[in-house]
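Participant: coords please:
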Amino acid sequence: MNTNSKSKFNAKEIAIYGLFIALVYIATTINIQIGSTSGGLFHLGNVMSFTIAMVFGKKAGALSGGIGMALFDILSPYAVWAPFTLIIRLIMGYAIGYFAFKASNSKKQSIINNSIGLIIAFIVMIVGYYVAEGLIYGNWIIPLQSVFANALQCIVGTLIAVPISTALRAGFKVRHIKTEI
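Facilitator: Predicted structure coming up:
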């Protein structure tokens with residue numbers, strides 16, 4: 001699917017990225033409020049974003065997670081979070097996708113690569129939303145209550161996305177379908 005090394009997008013890529021962004025947005029709308037702060041919004045957007053990054057690579061992961069979840073924020077009562085979400089989710093998706101496609105000669109190395117990407121994403125999410133919440137509320141104590149819920153979102157997203165992405169990648173490999181966009 002990668003037609004050239006330039007940063008220009010072709011029509012096929014735009015359509016695919018648009019589909020991925022829509023999938024992340026829709027998955028994010030499936031949510032449950034479990035607290036009074038942003039970390040208390042549990043949603044399935046992480047599952048979709050992580051899966052896309054692990055199956056289709058860093059660019060797809062970054063764009064779909066960043067834009068899809070920022071779009072959710074803009075169209076919801078969480079609009080103030082949109083710029084932070086865009087940056088945090090872009091970095092998370094890029095890290096997951098980058099390490100998922102890092103060359104490996106063994107299944108063990110592939111697991112290690114995926115784990116590194118997911119751990120980086122986990123840290124980026126926890127620290128990023130902590131800093132964002134601190135800036136938004138002007139208080140560095142209040143954001144501590146969101147750390148557990150944000151961590152839980154990453155853990156659940158990982159536990160669901162890893163087996164799904166593993167199955168998808170195996171299926172695409174058997175059919176000789178290139179997935180990195």
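
Participant: Now Val162: phi and psi?
Facilitator: For Val162, the backbone dihedrals are phi -60, psi -50 (criterion: degrees, to the nearest 10).

Participant: which residues touch it?
Facilitator: 50, 54, 114, 118 (CB atoms under 8 Å, 6 or more residues apart in numbering). Where C-beta positions appear, they are placed from N, C-alpha and C, glycine not excepted.

Participant: Contacts only, for the closest residue to the second one other than its chain neighbours.
Facilitator: This points to Met54. In space, and not counting its chain neighbours, Met54 is closest to Ser165: 3.8 Å by CB to CB, 6 or more residues apart in numbering. Going by CB under 8 Å, 6+ apart, Ser165 touches 50-51, 54-55, 100.

Participant: what's across from Phe42 in the sheet?
Facilitator: Ile32 (DSSP bridges).

Participant: Test my guess that it contacts Ala149.
Facilitator: Yes. At 6.9 Å, Phe42 and Ala149 qualify as touching, with contact defined as CB atoms under 8 Å.

Participant: Mind listing the shared neighbours of those two?
Facilitator: Each of Ile34 lies in contact with both Phe42 and Ala149 under the rule CB under 8 Å, 6+ apart.

Participant: Alright, calling it a day.
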